[in-house]
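A.B. asks: Mind folding the following:
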Amino acid sequence: MSEMLNDDVRMLRAALDDADETVHVSLSLPRASAEKVLALLDAERTSGAVVVPIKEAFTTTEAASFLGVSRPTLMKMIAAGDIEHVMVGSHHRIPAEPLVAFERARRARRAKAAEALADFSNEIGFVD
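C.D. replies: Numbers count the residues shown, from 1 in each chain. Here you go, the predicted model:
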């Protein structure tokens, strides 16, 4: 970790030691770190859930586990173009950012479908 990031981590830890609900700090981050912080804050703002990948790219087995599907199902999704991937030699690798974006979109589709089903149930009087 660069010295700049070490200083920023120390400043943030010190600010969090205060009992205040709001934390005020000024950081000087490398661009890549700033982009990660922005992505983290944006994810928390939009969905309330935060997924912090610890790797830049995942194997198909790891990605399938993350999505809760079998590896063959994941391979079908890749073949259909539903999930972005890169080839490393003869192996598929799934970049973290597109994987998380796919999962977010899938959750949004599921929530929309559940809402539509609830609306339909209300329309036909199927609710107790």
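A.B. asks: Show me what the strand or helix carrying residue 40 is packed up against.
C.D. replies: Secondary structure assignment for residue 40, by DSSP states H and E: helix 31-47. With contacts defined as 3 or more Cβ pairs under 8 Å, 6 or more residues apart in numbering; DSSP states H and E, helix 31-47 has these neighbours: helix 96-123. To be clear about C-beta, it is placed using only N, CA and C from the backbone, and glycine gets the same treatment.
A.B. asks: Does anything pack onto the helix it packs on? Which helices or strands?
C.D. replies: Here helix 96-123 touches helix 31-47, strand 57-59, helix 60-67, going by 3+ Cβ pairs under 8 Å, 6+ apart.
A.B. asks: Give me the next element, helix or strand, following the last one.
C.D. replies: Spelled out, it's helix 60-67. Sequence-wise, the next helix or strand downstream of helix 60-67 (DSSP H and E) is helix 71-79.
A.B. asks: Tell me what angle that next one forms with helix 96-123.
C.D. replies: Using axes from the mean of the first three to the mean of the last three Cα atoms, to 10 degrees, the inter-axis angle of helix 71-79 relative to helix 96-123 is 100 degrees.
A.B. asks: so how far is whichever helix or strand comes after helix 71-79 off the chain centroid?
C.D. replies: Where DSSP H and E defines the elements, the next helix or strand beyond helix 71-79 is strand 86-88. On the basis of Cα atoms, centre = their mean, to the nearest Å, strand 86-88 sits 21 Å off its chain's mean C-alpha point.
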